[in-house]
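Visitor: Sequence and predicted structure below; questions after.
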Amino acid sequence: MKMSKTPENGDGEQNTTGLFPLFPTPATSISAISSAPQWLRNASFTTDLSVIDAAASTAPSLSDVEANEEDEEGDAGRSKRETNQPRVYNLIEEEEEEEGSESDDDRVKKKRGKKKKRKRDSDEYYTKPAKDYYLDTRPDPDNLAYGSIYRMNVPRYKLDNSQRGSELGSMKLYLRNRRGSMLEAEIDVNSLDGKAKSDNRYWYAKNAAMERNKNFRRIRLSAPRDAVDSSFDRFIPLEEGEAVQESEEEDVSVVGTSWEDEVLNKTREFNRQTRERPHDEKAWLAFADFQDKVSSMQSQKGVRLQTLEKKISILEKAFELNPDSEELLLALLKAYRSRDSADVLISRWEKALMQNSSSYKLWREFLRVVQGEFSRFKVSEVRKMYSYAIQALFSACSKRHRQMDATSEPLDSTLIQQELILVDMLVSLCRFEWQAGYRELATALFQAEMEYSIFSPSLLLSEQSKLRLFAHFWSSNGARVGEEGAFGWSLWLEKEEEQRQKMLKEESSDDNDVGGWTGWTEQLSDRKEDSSIATANPGEGDVNQEGLDEEMEDEDSRPEDDTEAMLKLLGIDVNAAASDEVKDTSTWVKWFEEEVSRDQNQWMPTRKAGEFSSVDEMGEREDEEQLSSLVLYEDINGYLFSLRSNEARLSLVYHFVDFFGAHISPWTSSNSLWWTEKLNSLETLSESMLENLRNVHGSLSKSDGANDFSLGSLLGGSNDMSMRTEMMKFLRNAILLCLNVFPRNYILEEALLVAEELFVTNMKTCEVATTPCQALAKRLLKSDRQDLLLCGVYAQREAASGNMKHARRIFDMALTSICGLPKELQDNAPLLYLWYAESEIANSCGSSLETESSSRAMHILCYLGSGLAYVPYTSQPSSMQILRARQGFREKLKKIQSIWSHGVTDDQSAALVCSAALFEELTNDLSGTVEILEHMFSSVLPGRRSQSHQLEILFNYYVRMLQRHQDDLTLSKLWKPISDGMQLYPFNPELYRALVDICNHRMTSHKLRMMFDDYSRKTPSVVVWLFALSYELSRGGSLHRIRGLFERALAQDTLNSSVILWRCYIAYEIDIAHNPSAARRIYFRAINACPWSKKLWLDGFGKLSSVLSAKEMSDLQEVMRDKELNIRTDIYEILLLQG
């Protein structure tokens, strides 16, 4: 901008103060100023430096300046540029104040007074100068209008007096920082109004109080519906069309909504929705959930209770209008749990279950409530509730079966679903018994149900007659499922009937013989005479009897006296209290080790007293230890039920194999109820879950800042029963017996061969040249030479053992013999081709034979696509063979797509799609493979897609393929399939493993943590938290964040009873954080939330021996006995061993 020459004052003298009179100009320097050029005539360029020190000494203090900041904050931006052309301003004369004539009190009052109004005369302008001007790059017009720089733009400073007194200076600095940042405890949140000003940052006390104010109005910004799709959600675009427009003519500010306004608007909207649509369950549930959000904003307990009552009244009204809704009833009962006592709550649950006895969800939630109520928990009570649940669900199945035609095939899908749910309930009971310490009973329940439902005789019997017949089998010495020599209830009954017929024939032949010795009858008569003689002399007999009784009592008392004397010699007082007996924690540690050892070994029910069918008949012939491991018919008859569908029977076998720790391929979707229940009831990490966590730790350990700790190491590895020899032998015998009922089932055959490998490996200490399962596989193939899938499973085991040549011979033999087999067996060919090709690809990883193995895989898949008879590999396939195979795959995929569009999926079609994708990957490029898989997925509806385990297996294959090529793909192409899979299968561990593997090198840790937090809020499950914790442990996360993850996970209602999360939390505090006192607090919280888990109780004896006293350990054992957990070791045994 341009500036004119300096005007003259009224006396005709030239004004020499300059444009920027920072300092007073002495009279002696006027001549120097007048002789300098126009742009150097400012007094600040010629002032003596001694004046600066004098001005600094007379400047106001920092506290005075800070006190007046609030009054002067608006002066910086009080004027706007009216035009882009430069303007010329006149200087406004300001009233000069003499500082020396004012007292200190007057100066302070004037500084704290009202802001001085400045006058501005915008009508008077300077004349445009002809010369002597300069350009200001960042001009401030107010400098010309007021003749000085705005005083808040002048840099403030304070002299450093640290050399004079460092303590005094640091104390002043501390007080100043404390005054600016300390939270004000006396701030009344509700007293703030809209005029509250914030002169500090947003996290300071005033702003925090303002945010908590219910009347504080906020502006809600949301993304437009037609915004560009962003997978990463890095920002929220603002709405332009729906945003509030601010008029230029009228100064209209955007008015936001306060929290109270939002509550009123939401309540009004929910009332309208429920009034217009009273049968809309989602609207009622959303209305009830909104009350939880309202309650979270209330600070007073009484107001929160009122909100809870309002929520209950809403759900009661909703259930009154929709009496058949399970979701509303569950929400209502959960709301009652927050208000009512345990007794009242249980009575409400019982009343609801009487009216809805066939609801699996209600029974499942009720059993979870009963198990988690520490004050009422008893093993016998929970067992009784399980019996009621199974009987009620079985009654519903029987009623459904009577309504249908008993001979109709196939069975109704509703009946099949009810039987599957019934199997899930039995598995939950077995898991509860196992975790409570009654492992023999859990094993016996599985054996009894499999005998009763799978191997039952084909007789038209009523349910009661069938139970009486089964009682005879169970009470006999017949071998049961899994035991040596077992051949099923049906065959046992046939052999028993044959033996009975033989005995009847022998008895009839003996009766036909004439004559015989009658001496036994005569002796019996003699005994009667002797007894009559004895009764004739009662006095003599009484005397002799009394003497005999006294002698027997003396003989019985002598061993007891000897035992007591022996215990006294050992230093054990029998009559002393339990707390006085064991005064050393090392004794309890030894008891813990012995108890764990017995738990691992004693899981099979004993058969020593098989001829007795009740406890009364046994009498005193079995001691207490044998009695606890003996499972009678009375212990299992209340949990037996008949299964009519093959799907339910096969599901029972799969559950049995999975329960005892054998490897088994997925047979159901991860979205099923069984998978969710299994995850929530985990006590230890399963082998598959542990393998996924190991892969995560391995991928993270390659990056910088990795840690050696892993989640698997906290609990000491996988389940203990997976490697025990006796259990693998038990499973091998059971699966062999089940294959007679379900022949050519490759899932059972694979589990059988894996169990045989583990059994043989544990039995043989030296290395064996052949595969451990080779003998069993050859024996099975000899009995059924047309079982192609058994050949494929056996060849896979050979390839996994490193015998690739032998595996190729088996595959080639099976594929060349397909043409001569029946049509239903030829349909299994895609599985065999896929297994062969995948074995070749796996064999080439990390070796120099990659090209040859890829050529072999292409050769195999070419014959599958073209449909020609298979010929073993001799050379690389030609271009014509590849073209013919690609065309054949296209035609087959079209047929599969039409079948999948109707919701019908099977293992063979999924294997064919995987083969086509692998063929395209080997011959063309990755884009064609992705196109094939996405096109096939799009042909199935999302609802059916999420419930099909075949499609889930196909999706896992898709993700593994992306992981192999992740170095060649961008993050967006990798992220979209994984995000889609997370929505479809939120409980799939393999997807979380891929998520960590891909995002670890492509994203920051903060972004990945945000993803875990988002998934844990949307779909809370044990899987999400296990992988989030594994990531933090492997990356060496902070203690506070890991503790926060544990606390947030256990605060969720569905995960509060997760035993594995509690055990990991305790192990983390002991082994990594090294905080035993925190682990002690967590331990008591854990046993209060999960009182049925014996393994959790025993963690206190094994891991907390340093912080628990002997008295506390003794009390813990007493509480375990009171809760009826099965304790196998008495503390007296440990004391005797020590003595």
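Guide: Noted; the coordinates are in hand. Numbers count the residues shown, from 1 in each chain.

Visitor: in the stretch 351-500 of the chain, which ranges drop under the pLDDT threshold?
Guide: 405-410 (pLDDT under 70).

Visitor: what ranges do the helices span in it?
Guide: Along the stretch 351-500 of the chain, counting by DSSP state H, counting those that start in this stretch, helices occupy 360-372, 379-403, 413-435, 439-453, 463-474, 489-512.

Visitor: Output the last one as PDB - backbone C-alpha positions only.
Guide: As requested, the backbone C-alpha atoms of helix 489-512 are provided in PDB (Å, rounded to 0.1, in the frame of the first residue of the first chain):
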ATOM      1  CA  TRP A 489     -25.600-102.000  20.900                       C
ATOM      2  CA  SER A 490     -27.600-103.600  18.000                       C
ATOM      3  CA  LEU A 491     -25.000-106.400  17.300                       C
ATOM      4  CA  TRP A 492     -24.500-106.900  21.000                       C
ATOM      5  CA  LEU A 493     -28.200-107.400  21.400                       C
ATOM      6  CA  GLU A 494     -28.300-110.000  18.600                       C
ATOM      7  CA  LYS A 495     -25.400-112.000  20.200                       C
ATOM      8  CA  GLU A 496     -27.000-111.700  23.600                       C
ATOM      9  CA  GLU A 497     -30.200-113.100  22.200                       C
ATOM     10  CA  GLU A 498     -28.300-116.000  20.600                       C
ATOM     11  CA  GLN A 499     -26.600-116.900  23.800                       C
ATOM     12  CA  ARG A 500     -30.000-116.700  25.700                       C
ATOM     13  CA  GLN A 501     -31.600-119.100  23.200                       C
ATOM     14  CA  LYS A 502     -28.700-121.500  23.700                       C
ATOM     15  CA  MET A 503     -29.000-121.300  27.400                       C
ATOM     16  CA  LEU A 504     -32.800-122.000  27.200                       C
ATOM     17  CA  LYS A 505     -32.200-125.000  25.100                       C
ATOM     18  CA  GLU A 506     -29.600-126.400  27.500                       C
ATOM     19  CA  GLU A 507     -32.000-125.800  30.500                       C
ATOM     20  CA  SER A 508     -34.800-127.500  28.700                       C
ATOM     21  CA  SER A 509     -32.600-130.600  27.900                       C
ATOM     22  CA  ASP A 510     -31.600-130.700  31.600                       C
ATOM     23  CA  ASP A 511     -35.200-130.700  32.700                       C
ATOM     24  CA  ASN A 512     -36.100-133.700  30.500                       C
END
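
Visitor: Can you name every helix or strand that that helix contacts?
Guide: Using 3 or more C-beta pairs under 8 Å, 6 or more residues apart in numbering; DSSP states H and E as the contact definition, the elements that helix 489-512 packs against are helix 463-474. All C-beta atoms are positioned from the backbone trio N, CA, C, and that covers glycine.

Visitor: For the helix it packs on, buried residues please.
Guide: Within helix 463-474, the residues that count as buried by 16 or more other C-beta atoms under 10 Å are 466, 470-471, 473-474.

Visitor: so residue 942 touches residue 984, yeah?
Guide: Yes. At 6.9 Å, residue 942 and residue 984 qualify as touching, with contact defined as C-beta atoms under 8 Å.

Visitor: Comparing the two, which shows the higher neighbour count?
Guide: Each of residue 942 and residue 984 has its neighbours counted (other C-beta atoms under 10 Å); residue 984 has more, 20 against 12.
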